[in-house]
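# return atomic coordinates for the entry below.
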Amino acid sequence: MVKLKYVKMARGRNGRGSYWYFRRTGRHWRLPGEPGAIEFACEYQRLLDVTRPSERVIAAKPVSSSATGYIYFLKAGPRWKIGFSTKPLSRASALQTGSPHKIETLLAVRGLQRHERMLHAKLAFYRRTGEWFDDAPQVRKTAHVVLGRGTSWLDETERERNADVGNA
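Numbers count the residues shown, from 1 in each chain. The predicted structure is shown next:
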């Protein structure tokens, strides 16, 4: 039998089971019939839709793509992290708490959130999870370019790409 999220079966005094949809708020609704029945599935889907948390409650404060801060490169064991923060050193120490590897701050340069996204897109082939990348020559080369030229080369590359699209 498939376990459905938020659904529990309760037996009444007569020994029969009935299915209930429960949410953390304490609210509960009786579901009609048995799992697998059309009316059960329709009501279950309706309740999932109605009780879904609103996006404004669960969404983090949006960061503008033009927000200024630092693009940082951290190294932990065989992985690199490329991220964006207004306080990269405190970000590195926060990550160290949960990491089995020593985290080294290799580089932090002034930049925009969109620069971080551009770097992630450029190095997507080397991505492992989230903002973590393999320790590959291309990742190291990109870090050296950012160290030497800052993030301005990302804007130049983007302008060149847009010009090429316009000429095609």
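# which element follows the least confident helix or strand in the chain by mean pLDDT toward the C-terminus?
One helix or strand of the chain scores below all others by mean pLDDT, DSSP states H and E: helix 55-58, with a mean of 43. Later in the chain than helix 55-58, the nearest helix or strand by DSSP states H and E is strand 68-76.
# contacts for whichever helix or strand comes after that next one, please.
Once the chain leaves strand 68-76, the next helix or strand it forms, by DSSP H and E, is strand 79-85. With CB atoms under 8 Å, 6 or more residues apart in numbering as the test, strand 79-85 has contacts from 63, 67, 69-75, 91, 95, 101, 106, 111, 113, 115-116, 119-120, 123, 128, 131-135, 139, 143. C-beta coordinates here come from the backbone N, C-alpha and C atoms, glycine included.
# with stretch 87-104 instead?
69-70, 72, 74-77, 79, 81, 83, 85, 105, 108.
# residues in contact with the residue nearest the centre of the chain?
The chain has G130 as the residue nearest its centroid, 6.6 Å off, counting by CA atoms, centre = their mean. By CB under 8 Å, 6+ apart, no residues touch G130.
# let's see that with 10 Å instead.
Contact analysis of G130 by CB atoms under 10 Å, 6 or more residues apart in numbering lists K81, G83, H120.
# just the pLDDT for it.
According to the prediction, G130 has pLDDT 86.
# need phi/psi at it.
phi 50, psi -120 (degrees, to the nearest 10).
# that older thread, now, of the contacts of stretch 87-104, which are buried?
Buried by 16 or more other CB atoms under 10 Å: G69, Y70, Y72, L74, K75, A76, R79, K81, G83, S85, T105, A108, out of these.
# which two of these have the greatest separation?
G69 and R79 (21.7 Å; CB to CB).
# could the buried ones among the contacts of stretch 87-104 be laid out in TSV, adding distance to R46 and pLDDT?
Putting the buried ones among the contacts of stretch 87-104 into TSV (distance: CB to CB, whole Å; pLDDT from 0 to 100) gives the following:
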residue	distance to R46	pLDDT
G69	43	88
Y70	46	89
Y72	46	89
L74	46	90
K75	49	90
A76	46	90
R79	44	91
K81	42	91
G83	40	91
S85	42	89
T105	50	80
A108	49	86
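# which of the helices or strands spans W29?
W29 is part of strand 28-31 when elements are defined by DSSP H and E.
# okay, buried residues for that strand please.
So for strand 28-31, counting by 16+ other CB under 10 Å, buried means W29, L31.
# got the contact list for it?
Strand 28-31 has contacts (CB under 10 Å, 6+ apart) with 4, 6-10, 18-23, 37, 39-44, 46-47, 50-51.
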